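Participant: give me the fold of what follows.
(one chain, ligands or ions: 1)
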Amino acid sequence: MPVVRFAPSPTGFLHIGGARTCLFNWLYARSTNGKFILRIEDTDQVRSEKKYLDEILDSLKWLGLDWDELYYQSERFAIYQEYAKKLLDCGKAYKDGEAIIYRIPENAQIKFFDVLRGEITIGTEQLKDQVLMKSDGSPAYNFCCVVDDALMEMTHIIRGDDHIANTPKQIMLYEALGLKPPKFVHIPMIHGEDGSRMSKRHGATAITEYRNQGYLPEAVINYLALLGWNPGTDKEMFSLKTLVKEFSLKRVNKTAAIFDMTRLNWVNGQYIKDMDIDKLTQMIIPVLREKGYINDNYDRKWLTGLIELYKTRLPTLAHFPKLAGFFFTDEIEYEQEAVDKFLKIDNTCDYLEKFAQALEKSNPFDKQQIETNVRVLVNALGINAGEMIHPVRVALTGGPVSPGIFEIIEFLGKEKSISRILKVVKKLKAKEFDI
Ligand code: GLU
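Facilitator: Okay, here's the model as predicted:
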């Protein structure tokens, strides 16, 4: 049975690269009826923190990645001590104070097999003696990693290729302990668009940040799966379930993956667009609450309708208050560019006043009736609808783009729409705009 693990150190938040490593391990286990182990590598008692541990576990749960077994290396020091002692007793290691050090054999070749790169050979002259146990009684990473990977009977180690330099040292320790090494799959790193390793400079790196910005776990999974693995088809949308069916290590890419935020936003937008509208509304409510845009008294039906109107335009949940914020506040921020372009035409005041009158007369106040009245007005004036609609949009929303203006007006309601239009007329007459 295939056995794999994800082995995060709780010395930082779960990084996008770590999440992808975890996903690939999880997919390999789930697609082969294998076992997926989560092993917390908390041997560094100074740098390991509970807040990071909690965050890692939360992020994995949020992504939908579950584990079959969970271990903490901090609870296993006695085991590492015992194995280090074995190497001491047979003379392969020596003591330096309290520390136990492995003596590198001279003139030996270390071979291992990497599923993506084939056989790799390294001469021991390139390696230095290895610390197994530090003088404070804690184990060194390469040592406890080998002991655990062996005792937990890993068949495959799937991890980032930033660890490839550790692998020969680990192979050597397997051999020294008389244990059989697993197969290795070193997956290429994730790079930013400039080709350097993904870091804060390229955007958010912690999974929590994506969660807080309104990315959906399904979208993050879908995106990460295709970041370094290809299905061999043009298919772009993958749920965890379909990934389990289609994932194979053979299709893991051999070259670095480039993190593409535009792509992630597109994928996330697809999930938002296809989401059940009640579920989507439920997810957006806390975002609006946090902004102070709604309290306990809001019209759920109205809000659901509004979200329906915007749902094809949202790369993330956080975009909803950005794009539709003007529905929730009367403090309109007029974008200078839109003001320059659409409010300085000669007849603006006249058009806006007439538009407001047409709204006044719209009964019932729904998008069809509003549109009918506006079309009649526009025809009577002999102008293009756009000449009126553009300034109206700036008056109502503050900006140059929005969903259909008649829908916007219906959702805003008669009173608000008229008062916003007349406010701009007043401002224009008082020359309050900087045009
Ligand atoms: N704790 C190590 C890390 O987070 C694990 C490396 C490995 O997978 O062996 O990088």
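
Participant: neighbours of the closest residue to the ligand within the stretch 251-400 of the chain, just the number please.
Facilitator: Nearest to the ligand in the stretch 251-400 of the chain, going by Cβ to the nearest ligand atom, is residue 252, at a distance of 15.3 Å. All C-beta atoms are positioned from the backbone trio N, CA, C, and that covers glycine. Here the number of neighbours of residue 252 (other Cβ atoms under 10 Å) works out to 20.

Participant: is it true that it touches residue 227?
Facilitator: No - assessed by Cβ atoms under 8 Å, residue 252 is found out of contact with residue 227, at 10.7 Å.

Participant: and the gap between the residue of the stretch 251-400 of the chain closest to the ligand and residue 14?
Facilitator: Distance from residue 252 to residue 14, counting by Cβ to Cβ, to the nearest Å: 20 Å.

Participant: and if you look at residue 264?
Facilitator: In terms of Cβ to Cβ, residue 264 sits 16 Å off from residue 14.

Participant: what of residue 201?
Facilitator: The spacing between residue 201 and residue 14, counted by Cβ to Cβ, is 19 Å.

Participant: more neighbours: those two, which one.
Facilitator: When residue 201 is set against residue 14 and neighbours are counted by other Cβ under 10 Å, the residue ahead is residue 14, at 24 against 10.

Participant: what residues are up against that one?
Facilitator: 8, 22, 55, 56, 59, 60, 206, 207, 208 (Cβ atoms under 8 Å, 6 or more residues apart in numbering).

Participant: kindly present the residues you listed as a markdown table, with separate columns for neighbour count and secondary structure.
Facilitator: A markdown table is the format used below for the contacts of residue 14 (neighbours: other Cβ atoms under 10 Å; DSSP: H, G, I helix; E, B strand; the rest coil):
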| residue | neighbour count | secondary structure |
| --- | --- | --- |
| 8 | 24 | coil |
| 22 | 27 | helix |
| 55 | 18 | helix |
| 56 | 25 | helix |
| 59 | 24 | helix |
| 60 | 22 | helix |
| 206 | 18 | strand |
| 207 | 26 | helix |
| 208 | 15 | helix |
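
Participant: list, out of the residues you listed, those positioned next to the ligand.
Facilitator: Among the contacts of residue 14, proximity to the ligand is found for residue 8 (Cβ under 6 Å from any ligand atom).

Participant: what is the nearest of the contacts of residue 14 to residue 172?
Facilitator: Residue 172 lies nearest to residue 8 out of the contacts of residue 14, by Cβ to Cβ, at 24.4 Å.

Participant: looks like that closest one contacts residue 41 (just checking).
Facilitator: Yes - with contact defined as Cβ under 8 Å, residue 8 reaches residue 41; the gap is 6.7 Å.

Participant: hmm, who's touching stretch 52-69?
Facilitator: For stretch 52-69, the surrounding residues in contact (Cβ under 8 Å, 6+ apart) are 6, 8, 10-14, 19, 22-23, 26, 29, 35-38, 40, 42, 152, 206-208, 211, 217-218, 220-221, 240.

Participant: narrow those residues to those that are buried.
Facilitator: When the contacts of stretch 52-69 are checked for burial by 16 or more other Cβ atoms under 10 Å, the buried set is 6, 8, 10, 12-14, 19, 22-23, 26, 29, 35-38, 40, 42, 152, 206-207, 211, 217-218, 220-221, 240.

Participant: out of the residues you listed, which sit inside strands?
Facilitator: When strands are assigned by DSSP state E, the members of the buried ones among the contacts of stretch 52-69 inside them are 6, 35, 36, 37, 38, 40.

Participant: how about the third one, what does it touch?
Facilitator: The reference is to residue 36. 4, 5, 6, 25, 26, 29, 30, 66, 67, 68.
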